[in-house]
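K.L.:
This is a predicted model, with the sequence first.
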Amino acid sequence: MKAWDTFAQITGTAAAALIGLLFVAVSIRIVSIARSQELRNRAAQTLSLFGTVLITSVLIAIPGQAYRTLGAEVVVLAVITGVGLDLLDRRAKSDRSNQAIAPVLEAVAPNTVTSLLLLAAGIVLVLGVQAGLYVLVGPVLVALVFGIVSTWLFLTKITE
């Protein structure tokens, strides 16, 4: 897994930086976000997407770890991520007072895609197939791209 160290380093660093920027974005629009249960939960979903990338990067970077062990860890992460993101999504949908972000996120379902791709990668790795690391690239990219889109929406679409 040594060959994946650079991937883990780049994606982990990007995720950590984006987490910081998300806090800045939320701080800029704190009044609007604080007033809306939907926006608070959407912000938490975005944080979860970036956090999933960060944790995935940490798991890949653990030295001397077997593919099957990494796979088991990724399966657990996929389940936790899927359940957490689904809960946040349900809570966000229960408050329809602010429709600024939901339509964009619902159209593509990045939470579901991220969780299912993570699960698939974990299962492939648990089976001992090294190609699972390539499958793992998918949820990392989906989480990063849609986390960035969501953060951008916080900055540009929320009106006070």
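P.N.:
On my side now, so go ahead.
K.L.:
who's in contact with residue 78?
P.N.:
115, 116, 118, 119, 121, 122 (C-beta atoms under 8 Å, 6 or more residues apart in numbering). For glycine as for every other residue, the C-beta is placed from the backbone atoms N, C-alpha and C.
K.L.:
Helices of the chain, start to end?
P.N.:
5-28, 30-35, 37-61, 67-93, 102-108, 110-126, 132-156 (DSSP state H).
K.L.:
Send me the shortest one as CSV with only the CA atoms.
P.N.:
Included here for helix 30-35 are C-alpha records, laid out as CSV according to Å, rounded to 0.1, in the frame of the first residue of the first chain:
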residue,chain,number,x,y,z
ILE,A,30,-24.1,32.0,10.4
VAL,A,31,-27.3,34.0,10.9
SER,A,32,-29.1,32.4,7.9
ILE,A,33,-27.8,28.9,8.8
ALA,A,34,-28.7,29.2,12.5
ARG,A,35,-32.3,30.1,11.6
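K.L.:
Go through that helix and flag the buried ones.
P.N.:
Across helix 30-35, burial judged by 16 or more other C-beta atoms under 10 Å covers 32, 33.
K.L.:
and it, how far out from the chain's middle?
P.N.:
From the chain centre to the centre of helix 30-35 is a distance of 22 Å (C-alpha atoms, centre = their mean, to the nearest Å).
K.L.:
on contacts alone, who are the packing partners of it?
P.N.:
In terms of contacts (3 or more C-beta pairs under 8 Å, 6 or more residues apart in numbering; DSSP states H and E), helix 30-35 is packed against helix 37-61.
K.L.:
show me what contacts the residue positioned nearest the centre of the chain?
P.N.:
For the chain, the residue nearest the mean C-alpha position is residue 49 (1.5 Å; C-alpha atoms, centre = their mean). When contacts are counted by C-beta under 8 Å, 6+ apart, residue 49 is found next to 85, 110, 111, 114, 143, 144, 146, 147, 150.
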